[in-house]
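Asker: could you work out the structure for the sequence below:
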Amino acid sequence: MKFSIIIPAFNEEDIIGEVALKAVEAREHIMNEGGVDAVEIIIVNDGSTDKTHEAIEGVSGIKVLSYKDNAGYGAALVRGFALAEGDILGFMDGDGTCDARIFGPMLKELQLQRADMVIGLRLHPDSKMPFIRKVGNIIFAKLINFLGRGDIQDAASGMRVFYKEVLDLLLPLPHDLSFTPAMSAKAVLDASIKLAEVPISYEERAGRSKLHVVRDGFRFLRIILVTAITYRPFKMLGGAGIICIVLALMPPGRAPMVSLVLYWVGINTLFIGLLANEFLFTIQPIRRARRSWIYDLFVPLRSPLLLGIGGLVCLFIALIAENFRLLFIIPGTSALVFCILFYIVRMTDEAFRFRYRKNS
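Answerer: Sure, this is the predicted structure:
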């Protein structure tokens with residue numbers, strides 16, 4: 001079994017040569033402890049404008065991919081993955097913060113835990129990560145775990161190992177520094193991917209960091225939320241809908257029109273969340289996504305037949321009721337509209353399945 005290490009580098013002339021040499025020297029240790037037969041080291045020079053290329057061109061035992069354009073951290077990794085020959089892929093930063101020897105215990109953990117991906121855990125007392133970045137990583141990990149029912153501690157770690165086929169489940173990923181939190185979010189949200197973490201040493205980086213805490217922090221947050229709503233639309237949309245309905249039905253304390261709008265928005269947002277899940281089930285293999293007991297409570301509402309009957313019953317009650325007619329008209333009309341939409345999605349799903357079986 002072959003292991004490929006990808007090291008992206010952009011303007012790292014002061015340290016990349018040392019990083020490359022240490023990676024080559026760690027090759028035998030990685031093979032012995034990690035249980036792999038060979039180690040491939042690929043350094044991706046991502047459009048550096050300094051002497052990064054000169055610093056690594058004399059290092060033997062590595063492959064160098066040099067590009068004139070700076071495509072971004074994530075794009076550099078993807079370029080390296082595309083040319084890697086290993087059955088297992090790994091990557092680490094080229095700024096001197098991580099030690100390639102740690103790939104050994106990470107590979108060992110990958111096999112012992114029968115995991116699909118092992119993340120290098122930098123959040124421990126011996127880590128030299130700046131305090132503000134520690135806080136940010138903890139917040140991102142908590143958010144990802146909440147959205148995906150996961151249990152990871154370091155969401156943005158730049159040192160990982162995983163089986164090559166796992167990459168197909170995670171791509172596409174962002175081309176910039178948000179590559180790692182997006183990868184974590186997708187992996188946590190995908191129930192078919194088993195994750196593990198191994199504490200790693202983390203040193204102060206050489207030179208100036210390319211990570212801007214505020215700008216990239218907001219970018220990471222946006223990527224996490226977009227990924228979550230893509231994989232788990234019901235958790236976000238359905239949750240918002242339930243909150244609106246509860247607020248609308250609470251004892252009066254606001255204008256009746258406000259309660260009515262909250263009620264209408266809540267019911268329709270709830271249905272949209274369910275419909276989005278159903279649509280995603282059709283166009284991609286999101287059936288791997290973890291499900292919650294709250295979602296299971298609303299699963300029957302995905303049935304066009306049940307929605308149709310429920311909608312007609314609500315409208316009938318609205319016709320004979322003397323009071324609170326809008327309380328039944330709103331869910332009744334919404335149920336009938338979404339009955340049609342769910343039926344269309346079901347028919348589309350059957351058409352996709354038929355074509356798949358025919359092509360197979």
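Asker: for the residue lying closest to residue 228 once chain neighbours are set aside, give me its contacts.
Answerer: Of all residues not flanking residue 228 in the chain, residue 147 sits nearest, at 4.1 Å (CB to CB, 6 or more residues apart in numbering). Backbone N, C-alpha and C define where each C-beta goes, glycine included. By CB atoms under 8 Å, 6 or more residues apart in numbering, residue 147 lies in contact with 185, 188-189, 224, 228, 232, 235-236.
Asker: tell me which two of the residues you listed sit farthest apart.
Answerer: 188 and 236 (14.8 Å; CB to CB).
Asker: between the two, tell me which one has more neighbours.
Answerer: Shown here are residue 188 and residue 236; by other CB atoms under 10 Å, residue 188 has more neighbours (26 against 17).
Asker: what strand or helix carries that one?
Answerer: helix 179-189 (DSSP states H and E).
Asker: check what pLDDT the residue nearest to residue 228 gets.
Answerer: Residue 147 is assigned 75 on the pLDDT scale.
Asker: next, residue 11: phi, psi?
Answerer: phi 50, psi 60 (degrees, to the nearest 10).
Asker: sorry, back to before: show me what secondary structure element comes after the helix holding residue 188.
Answerer: strand 195-199.
Asker: ok, the residue nearest to residue 228 to residue 27 distance?
Answerer: Separation of residue 147 from residue 27 (CB to CB, to the nearest Å): 38 Å.
Asker: in this structure, what secondary structure element scores lowest on mean pLDDT?
Answerer: Here the helix or strand of the chain ranked lowest by mean pLDDT, DSSP states H and E is helix 293-298, holding a mean of 66.
Asker: circling back to that earlier point, now the angle from the helix or strand harbouring the residue nearest to residue 228 to helix 179-189?
Answerer: In the assignment (DSSP H and E), residue 147 maps to helix 131-148. Between helix 131-148 and helix 179-189, the angle comes out at 30 degrees (axes from the mean of the first three to the mean of the last three CA atoms, to 10 degrees).
Asker: outline the domain layout of the chain.
Answerer: 2-231, 233-359 (automatic domain parsing).
Asker: now, of those domains, which is deepest in the fold?
Answerer: Ranked by mean neighbour count under mean count of other CB atoms under 10 Å, the domains of the chain are led by domain 2-231, which reaches a mean of 19.
Asker: end to end, how far does that one reach?
Answerer: One end of domain 2-231 to the other measures 32 Å (CA to CA, to the nearest Å).
Asker: the domains of the chain: lowest mean pLDDT?
Answerer: The weakest mean pLDDT among these belongs to domain 233-359, with a mean of 80.
Asker: distance from that one to the middle of the chain?
Answerer: 26 Å (CA atoms, centre = their mean, to the nearest Å).
Asker: and for stretch 36-49?
Answerer: Mean-position distance between stretch 36-49 and its chain equals 24 Å (CA atoms, centre = their mean).
Asker: which residues does the strand or helix carrying residue 53 contact?
Answerer: Residue 53 is part of helix 52-56 when elements are defined by DSSP H and E. Contact with helix 52-56 is made by 9-13, 16-17, 20, 43, 45, 62, 64, 66, as judged by CB under 8 Å, 6+ apart.
Asker: columns distance to residue 123 and secondary structure on top of the residues you listed, output as CSV?
Answerer: Below are the contacts of helix 52-56 laid out as CSV (distance: CB to CB, whole Å; DSSP: H, G, I helix; E, B strand; the rest coil):
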residue, distance to residue 123, secondary structure
9, 25, strand
10, 25, coil
11, 27, coil
12, 24, coil
13, 29, coil
16, 25, helix
17, 29, helix
20, 27, helix
43, 27, strand
45, 30, strand
62, 30, coil
64, 32, strand
66, 34, strand
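Asker: how about these, which pair is most distant?
Answerer: 11 and 62 (18.5 Å).
Asker: how near is the residue nearest to residue 228 to residue 221?
Answerer: Residue 147 is 12 Å from residue 221, by CB to CB.
Asker: likewise residue 349?
Answerer: From residue 349 over to residue 221 (counting by CB to CB), the distance is 33 Å.
Asker: which SS state does the residue of the chain positioned farthest from its centre fall under?
Answerer: Distance from the centre of the chain peaks at residue 322, with 50.0 Å (CA atoms, centre = their mean). Here residue 322 is coil, with the state taken from DSSP: H, G, I helix; E, B strand; the rest coil.
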